[in-house]
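A.B. asks: Need coordinates for the below:
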Amino acid sequence: MPIRNIAIGHPQEATHPDALKAALAEFISTLIFVFAGEGSGMAFNKLTNNGATTPAGLVAASLAHGFGLFVAVSVGATSPAVM
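C.D. replies: Okay, the predicted model is just below:
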């Protein structure tokens with residue numbers, strides 16, 4: 001197979017059902033990651049009266065992003081498009 005087919009591919013690949021499923025799984029994973037991290041920061045800020053920049057707020061944000069990333073990777077890895 002020539003290297004140009006590997007690097008660029010064919011236009012038909014963009015509308016393949018597996019590619020669409022993988023794109024949807026990636027989109028959902030990104031939404032989970034972003035909203036888990038940012039939502040926890042906003043909630044912590046609201047609960048602690050603007051304490052999001054304290055060390056405890058930074059730890060809470062990092063834990064939320066870590067858990068969000070874990071869930072996002074789990075969703076992406078178990079999607080039928082990957083298997």
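
A.B. asks: list the buried ones in the longest helix seen in the chain?
C.D. replies: In the chain, assigned by DSSP state H, the helix with the most residues is helix 17-47. With burial defined by 16 or more other Cβ atoms under 10 Å, the residues of helix 17-47 counted as buried are 22, 25, 29, 32-33, 36-37, 40-41, 44-45. (Glycine included, C-beta is placed from N, CA and C.)

A.B. asks: for it, packing partners?
C.D. replies: helix 55-77 (3 or more Cβ pairs under 8 Å, 6 or more residues apart in numbering; DSSP states H and E).

A.B. asks: So what touches the helix it packs on?
C.D. replies: Applying Cβ atoms under 8 Å, 6 or more residues apart in numbering, the contact partners of helix 55-77 are 25-26, 28-30, 32-37, 39-41, 44-45, 48, 51-52, 82.

A.B. asks: Can you show me the CA trace of that helix as PDB?
C.D. replies: Provided in PDB are the C-alpha atoms of helix 55-77 (Å, rounded to 0.1, in the frame of the first residue of the first chain):
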ATOM      1  CA  PRO A  55      -4.600  24.600  47.300                       C
ATOM      2  CA  ALA A  56      -7.700  22.500  48.200                       C
ATOM      3  CA  GLY A  57      -9.500  23.900  45.100                       C
ATOM      4  CA  LEU A  58      -6.600  23.000  42.900                       C
ATOM      5  CA  VAL A  59      -6.500  19.400  44.300                       C
ATOM      6  CA  ALA A  60     -10.300  19.200  43.800                       C
ATOM      7  CA  ALA A  61     -10.000  20.300  40.200                       C
ATOM      8  CA  SER A  62      -7.100  17.900  39.400                       C
ATOM      9  CA  LEU A  63      -9.100  15.000  40.900                       C
ATOM     10  CA  ALA A  64     -12.100  15.900  38.900                       C
ATOM     11  CA  HIS A  65     -10.100  16.100  35.700                       C
ATOM     12  CA  GLY A  66      -8.500  12.800  36.600                       C
ATOM     13  CA  PHE A  67     -11.800  11.000  37.100                       C
ATOM     14  CA  GLY A  68     -13.300  12.700  34.100                       C
ATOM     15  CA  LEU A  69     -10.400  11.500  32.000                       C
ATOM     16  CA  PHE A  70     -10.800   8.000  33.400                       C
ATOM     17  CA  VAL A  71     -14.500   7.900  32.500                       C
ATOM     18  CA  ALA A  72     -13.900   9.500  29.000                       C
ATOM     19  CA  VAL A  73     -11.200   6.900  28.200                       C
ATOM     20  CA  SER A  74     -13.500   4.100  29.500                       C
ATOM     21  CA  VAL A  75     -16.300   5.300  27.300                       C
ATOM     22  CA  GLY A  76     -14.100   5.600  24.300                       C
ATOM     23  CA  ALA A  77     -12.400   2.200  24.800                       C
END
